[in-house]
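Enquirer: Need the 3D shape of this:
(chains A and B)
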Amino acid sequence: MIQQILSGLEAGSWYSLLAVSIVIVMKATDVPNFAQAQIGMPGSYIAVNLIGQGWPAIPAMLIGLALGYIIGALIERLAIRPLSSLGHFPMLVMTIGLTYALVSFVTITFGSEPRSFPAPWSEGGWLLGDLYIPYSQVITILAGIALALTLTYFFRTTWGVRMRAISENPGVARLLGINSGLVSSLAWGLGAVISTLAMMLHTQATVLADSSADPLILKAFVAAVLGSFTSLSGAFIGGLAIGILENLTGVWIGTGWKEAAALVIVVVYLFVRMPSLVKTIKPREV
Amino acid sequence: MSTAEPIADIPRWVSHPRRTRRASLTRLALLAVMLVLPWYLGGYYIYIVSLVLVYTLSTLGMNVMVGWTGQIGLAVAGFFGLGAYATSILHERGFPWIVALLVVGVFSAVIGFVDGYPAVRLFGFFLAIASLAFGDLILRVIIESDGLTGGGGGYPVQLLDFGGLDREIALYYLCLLAIVGFMVFVGRVLDGRLGRTMRAVNNIEIAAPSVGISPPKYKLIAFMTSGSIAAIAGAIFAQLLTYLNPDMFKTSLLITMLVMLIVGGVGSIWGSFAGAIFVVFVQEWLQAFAVYQRIVFGVSLMLCIGLLPGGLASLGDKVRERTSKRRERSVGAEQI
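Expert: A predicted model of the protein is given here:
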């Protein structure tokens, strides 16, 4: 049972990190980014390649994260900013197209055979009675918590306030002299760094392959929904909750239904919360 | 009680297929060509054209929801799979295929109701995510009911018995019949009062209740119609493919359908047709290179959103607009 909860927290941390980056991007640029998990892939591949060439793990991962920032900022500049006036649906479709483009780019550049991501903590763990806790689980969970705390702090700084101001009312924010382009670039870069980290943590526990991102994105979106796409802490806790519930479903009902847990959660949640969500709609101009 | 009577007519600013005599002549000519096509094409090409028709039908199902009422419903791949599996299973258990198809068509509308009743009150991409999850859930149920569906191992479809007819040609005519049936449905219903009301719900949702239209009701109708059409397309798809596997109906199918819808043109019937041709062409052309297929699909989605929001269907209008502008300019020049 505790074992299951721990692995749930581990998987939940991946979802949480991705959900948090979805919320950041959503807050600053109002784009539901379906490619958030895939954006983390090139950085993870670079890190694996560098480790394969004999680099120590930490610097290799840092370079991967830096590459993640560049990719995020580039995508924002080339594909998102020119289209920022379109609504949610076109942008959602746009980012769905982006997932295909990114995954095939990665497959062509790095090949399609799955690889392992060797981190120093990938092997070994503590044995407590009949409970086995791998180091990687602890690292993943701690990394998630550390990042959540850092982000909470970040959104209280000037940059965080600017970002929130842009998402609240872009027009007024611009009048007050906030450089919205810079803020949106920063949000995409930051989101991409967090996604790269999530992908790295995910792939060092499993394998790195061209399909590694696919199972994560829907659950990350579900977690973001649980935070109503605005609350970072809501998204974070939502991600952890999904991870745990998923693993418990695997034990109680059957491993096959594990994948369905998040789907049931979001369908039920949206349909139950529906009235309160409807109330928050602001009427648009006709 | 007829308080929910829709407004008599909505002005023609809702984009509306021009129903001129020339257009109907074009349709008739196209139908004639489609009818004689099997005499000129080999077996493989007949299969390809049938596939295009089935994809067109499923995309039209999606289009009813996205194009007519403006809801981002993404459960369509799930309904497609539901139709494929349910019809084949009923057929195997001894139901005549056409009866199975009708039963499944109605059943999918009911499932569409279950999905839609709460979902139509959601807005924007909350609806997208709810319906995406719902579609995935349908697929999960298909995978887990392996006693019925063979689960991940796949399911050989009981083939339709066409008597002595050539199977490929008979299937082609079946697809054609389904499409023609849908076109008639479009002409009668979606271009008629119901369709106009749906478009009104899309365009002026806030104003609609004040003229006695209940947006959720019409959105729900769109949900049910869309689910039903997608399931019927899926049932024919199963006969074409003769073997089913849950992997066929995963998110990649949904993305393929989105490509057909967006590249073809949201809200346009010819657009769905053009999108299906585009997708089948790319799939056959790059058959051995799944990666390049994905690049083409991904990039074409992005380009369409950015540069051609009306999709291929809007190309004709764009060209016409440009030439008429040029003509105006040259007329102006003459006057000077």
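Enquirer: List the buried residues for the lowest-mean-pLDDT helix or strand in chain A?
Expert: None of the helices or strands of chain A scores lower by mean pLDDT, DSSP states H and E than helix A:258-279, at a mean of 74. Applying a neighbour-count criterion of 16 or more other CB atoms under 10 Å in any protein chain shown, one finds A:258-267, A:269-271, A:274, A:277 buried in helix A:258-279. Glycine gets a C-beta too; all of them are placed from N, C-alpha and C.
Enquirer: among those residues, which are within reach of chain B?
Expert: A:259, A:260, A:262, A:263, A:264, A:266, A:267, A:270, A:271, A:274, A:277 (CB under 8 Å from any CB of the partner chain).
Enquirer: Could you measure from the fifth one over to residue A:226?
Expert: Summarising the geometry, the distance separating residue A:264 from residue A:226, computed by CB to CB, to the nearest Å, is 13 Å.
Enquirer: Throw the ones next to chain B among the buried residues of helix A:258-279 into CSV and include distance to residue A:51, thanks.
Expert: Shown next, in CSV, are these (distance: CB to CB, whole Å):
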residue, distance to residue A:51
A:259, 30
A:260, 35
A:262, 31
A:263, 35
A:264, 38
A:266, 36
A:267, 40
A:270, 41
A:271, 45
A:274, 47
A:277, 44
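Enquirer: Sticking with residue A:126, tell me its helix or strand.
Expert: strand A:125-128 (DSSP states H and E).
Enquirer: Mind telling me what element residue 198 is part of?
Expert: Using chain A here. Using DSSP H and E, residue A:198 falls in helix A:180-205.
Enquirer: oops, I was thinking of chain B
Expert: Going by DSSP H and E, residue B:198 is part of helix B:193-203.
Enquirer: Same question for residue B:222.
Expert: Here residue B:222 is assigned to helix B:215-241, by DSSP H and E.
Enquirer: how far out from the middle of the chain is the very next helix or strand once past that helix?
Expert: Downstream of helix B:215-241, the next assigned helix or strand under DSSP H and E is strand B:243-244. Relative to its parent chain, strand B:243-244 has a centroid offset of 21 Å by CA atoms, centre = their mean, to the nearest Å.
Enquirer: Can you tell me the closest non-neighbouring residue to residue B:231?
Expert: residue B:83 (2.9 Å; CB to CB, 6 or more residues apart in numbering or on different chains).
Enquirer: all strands of the stretch 101-250 of chain B, in order?
Expert: Using DSSP state E, counting those that start in this stretch, the strands found in the stretch 101-250 of chain B span residues B:155-156, B:243-244.
Enquirer: what's the answer for chain A, then?
Expert: Assigned by DSSP state E, chain A shows strands spanning A:125-128, A:131-134.
Enquirer: most packed of those strands?
Expert: Ranked by mean neighbour count under mean count of other CB atoms under 10 Å in any protein chain shown, the strands of chain A are led by strand A:131-134, which reaches a mean of 14.
Enquirer: for chain B, what are the nearby residues on the stretch 101-250 of chain A?
Expert: A:101-105, A:107-108, A:112, A:214, A:218, A:221-222, A:225.
Enquirer: of these, buried ones?
Expert: Buried among those (16+ other CB under 10 Å): A:101, A:102, A:103, A:104, A:105, A:107, A:214, A:218, A:221, A:222, A:225.
Enquirer: of the residues you listed, closest to residue A:176?
Expert: residue A:225 (30.9 Å; CB to CB).
Enquirer: My read is that that closest one contacts residue A:267, right?
Expert: No: counting by CB atoms under 8 Å, residue A:267 is not a contact partner of residue A:225; they are 10.3 Å apart.
Enquirer: for chain B, what spans make up the helices?
Expert: All helices of chain B, identified by DSSP state H, fall at B:21-36, B:43-63, B:69, B:76-92, B:97-119, B:124-144, B:146-149, B:167-185, B:193-203, B:215-241, B:251-264, B:269-285, B:290-307, B:313-335.
Enquirer: so where's chain A uncertain?
Expert: Residues of chain A meeting the criterion pLDDT under 70: A:274-286.
Enquirer: Would you map the helices across it?
Expert: A:2-29, A:36-39, A:41-52, A:57-75, A:88-110, A:135-154, A:158-168, A:170-175, A:180-205, A:214-226, A:232-252, A:258-279.
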